[in-house]
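Asks: using only what follows, build the 3D model:
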Amino acid sequence: MNAICLVIDRLHAGFLGCYGNAWTGTPQLDRLACESFVADSMLIDTPKLETLCRSYWQGVHALRPEVLDPAPTLAQVLGDAGVGTALVTDEGAVARHPLAVGFDELIELESANATQPAKQIDQTQLGRCFAQLIDRVELASEPFFLWCHLRGFAAAWDAPLELRQAYTEPGDPEPSLSAEVPSQRLADDFDPDDLLRFTHAYAGQVTLLDTCIGALHEFLRTSRVGQETLLVLLSARGFPLGEHGRLGPCDEALHGELVHVPMLLRFPDGLAATARSPALTEPADLMPTLLDWWGHTGPRGPGRGKSLLPLIREEVDTVRDRLILTGRRAARAIRTPAWYLRAGDPPELFAKPDDRWEVNDVADRCRDVAERLQDVLTADEQSLAAGEPVDGKPLEDVLIEGME
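Replies: The predicted structure follows:
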């Protein structure tokens with residue numbers, strides 16, 4: 001058995017058809033979703049890339065101190081079991097990550113800094129990276145585990161201009177001719193036409209990615225090695241596109257457009273095809289899930305992820321009742337099935353899952369809920385820092401089920 005984890009950085013879940021978008025065209029991604037288990041509520045525990053890689057590769061929460069984690073990485077456990085491991089990336093920070101040494105092989109892809117759209121898809125950064133990825137898989141010795149982290153939407157937006165133009169309608173501004181990736185707080189008088197240009201450019205990049213995913217998916221469907229390979233598609237971080245006054249990463253505010261990321265698992269035997277779950281999942285769950293699928297066990301204990309295979313096999317409905325998130329300058333947030341609290345003075349509270357992108361702050365109307373969630377967040381943060389369990393005490397019904 002083989003596995004590929006494909007990470008596309010800065011992919012906004014709200015732009016994918018399989019996550020409810022009806023505006024952008026993602027037929028290839030939707031086709032892949034039809035053959036996959038879809039995690040509807042996958043939230044990253046931090047937007048800090050180095051720490052996030054640790055969460056994925058060691059199966060630990062971002063707030064768990066590194067001194068508590070001498071355990072091997074996912075790649076090292078699989079390597080010791082005879083699985084060939086490789087890290088493929090065009091992101092220097094990932095290639096130089098201290099835990100990257102756990103992979104048998106490092107393949108660092110060239111990262112061009114385009115200043116304008118490419119003429120053809122095969123000339124784009126994503127197009128070149130996917131071509132090399134497919135070639136690498138085709139030549140890989142089995143069994144193998146390949147982690148591919150691509151800068152994706154954090155790299156130049158160099159999709160051919162016609163892919164942007166496909167989203168313009170009469171009266172819309174002309175598409176931008178730049179490949180620049182924006183990152184700024186929006187002023188109150190920010191021109192809506194400028195935001196629309198960036199939105200069209202991003203949508204064009206989504207179409208480019210969809211085409212590349214289609215090529216990889218077709219290879220997996222038609223090749224012998226592909227038919228024996230698990231494909232996990234996920235993102236490292238989302239990308240704000242005007243929500244909450246932000247365009248691009250800028251201050252990495254812990255809102256849904258940044259922290260809610262897609263995750264699809266396509267099993268070679270068709271397990272859980274077309275299934276999806278609203279259960280709360282986080283990056284640390286990936287390592288125990290893959291090890292469980294491979295028939296191995298990894299480190300267990302407080303602050304570590306949980307295998308999602310029981311959820312995927314419909315043996316359970318959920319694996320936890322809350323998620324804790326951490327960001328820049330000690331930013332903190334907590335998500336339960338019914339609520340999302342961004343800690344602060346004042347705090348912000350949003351009803352879930354209805355308020356998907358956190359439009360209506362109800363903290364003033366639900367002060368008791370906000371206070372209870374803040375107390376849980378504080379206690380859980382202290383537990384994680386001490387290496388103690390965070391989910392030993394179940395949440396109150398109002399924090400899980402919401403208010404009538």
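Asks: now do residue 216: how many residues are near it, please.
Replies: 22 (other CB atoms under 10 Å). Using the backbone N, CA and C atoms, a C-beta is placed for each residue, glycine as well.
Asks: helix or strand right after the helix or strand it falls within?
Replies: Assessed by DSSP states H and E, residue 216 sits inside helix 192-222. Downstream of helix 192-222, the first helix or strand assigned by DSSP H and E is strand 229-234.
Asks: quick one: mean pLDDT for that next one?
Replies: For strand 229-234, the mean per-residue pLDDT is 98.
Asks: helices and strands around it, which ones?
Replies: Applying 3 or more CB pairs under 8 Å, 6 or more residues apart in numbering; DSSP states H and E, one finds that strand 229-234 contacts strand 2-8, helix 192-222, strand 263-266, helix 286-294.
Asks: quick one: the helix holding residue 216 to chain centroid distance?
Replies: Relative to the centre of its chain, helix 192-222 is centred 16 Å away, using CA atoms, centre = their mean, to the nearest Å.
Asks: residue 169: how many residues sit nearby?
Replies: 6.
Asks: wasn't it part of a strand?
Replies: No. Applying DSSP: H, G, I helix; E, B strand; the rest coil, one finds residue 169 to be coil, outside a strand.
Asks: look up how far residue 26 lies from it.
Replies: Distance, residue 169 to residue 26, using CB to CB, to the nearest Å: 19 Å.
Asks: looking at the helices and strands packed on strand 229-234, which is nearest to residue 38?
Replies: For residue 38, the closest of the helices and strands packed on strand 229-234 is strand 263-266, at 5.5 Å, according to CB to CB.
Asks: any idea of the mean pLDDT in that closest one?
Replies: 98.
Asks: export it to PDB, keeping only CA atoms.
Replies: What follows is strand 263-266, C-alpha atoms only, in PDB (Å, rounded to 0.1, in the frame of the first residue of the first chain):
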ATOM      1  CA  MET A 263      -9.500  17.500   3.500                       C
ATOM      2  CA  LEU A 264     -10.400  14.700   1.200                       C
ATOM      3  CA  LEU A 265      -9.200  11.100   1.600                       C
ATOM      4  CA  ARG A 266      -9.500   8.900  -1.500                       C
END
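Asks: who touches that strand?
Replies: 18, 32-33, 35-39, 42, 220, 230-235, 272-273, 281, 289, 308, 312 (CB atoms under 8 Å, 6 or more residues apart in numbering).
Asks: can you pull the pLDDT of the closest residue to residue 298 other than its chain neighbours?
Replies: Excluding its sequence neighbours, the residue lying closest to residue 298 (CB to CB, 6 or more residues apart in numbering) is residue 291, at 4.6 Å. Residue 291 is assigned 96 on the pLDDT scale.
Asks: could you do residue 122 as well?
Replies: 94.
Asks: and the helix holding residue 216, what does it pack onto?
Replies: By 3+ CB pairs under 8 Å, 6+ apart, helix 192-222 packs against helix 27-34, helix 125-139, helix 161-165, strand 229-234.
Asks: out of these, which is the most enclosed?
Replies: strand 229-234 (a mean of 22; mean count of other CB atoms under 10 Å).
Asks: run the chain-centre distance for it.
Replies: Averaged over its C-alpha atoms, strand 229-234 has a centre that lies 12 Å from its chain's centre (CA atoms, centre = their mean).
Asks: list the contacts of it.
Replies: 1-8, 32, 36, 42, 137, 213, 216-217, 220, 261-268, 286, 290, 293.
Asks: quick revisit: looking at the helices and strands packed on strand 229-234, which is closest to residue 247?
Replies: helix 192-222 (6.2 Å).
Asks: between strand 2-8 and that closest one, find me the angle.
Replies: Helix 192-222 runs at 170 degrees relative to strand 2-8, counting by axes from the mean of the first three to the mean of the last three CA atoms, to 10 degrees.
Asks: which of the residues in helix 192-222 are buried?
Replies: Neighbour-count burial for helix 192-222, counted by 16 or more other CB atoms under 10 Å, picks out 195-217, 219-220.
Asks: where does residue 296 land in three-state SS?
Replies: Classified using three-state DSSP, residue 296 is coil.
Asks: what's the neighbour count on residue 20?
Replies: Residue 20 has 11 neighbouring residues, counting by other CB under 10 Å.
Asks: can you verify my assumption that it contacts residue 26?
Replies: No. Residue 20 lies out of contact with residue 26 (CB atoms under 8 Å); the separation is 11.1 Å.
Asks: can you lay out the helices and strands packed on strand 229-234 as TSV showing distance to residue 354?
Replies: What follows is those, written out as TSV (distance: least, CB to CB, whole Å):
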stretch	distance to residue 354
strand 2-8	27
helix 192-222	24
strand 263-266	21
helix 286-294	28
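Asks: for residue 105, find the nearest of the ones you listed.
Replies: Here strand 2-8 is closest among these (CB to CB), at 14.1 Å.
Asks: let me see the mean pLDDT of the closest one.
Replies: On average, strand 2-8 scores 98.
Asks: ok, now how distant is residue 256 from residue 26?
Replies: 19 Å.
Asks: just to check, residue 247 is in contact with residue 184?
Replies: Yes. Contact criterion CB under 8 Å: residue 247 and residue 184 qualify, at 5.4 Å.
Asks: quick one: which of those two has more around it?
Replies: residue 247 (21 against 13).
Asks: excluding chain neighbours, what is closest to the more buried one?
Replies: According to CB to CB, 6+ apart, the nearest residue to residue 247 is residue 182 (4.9 Å).
Asks: all set now, cheers.
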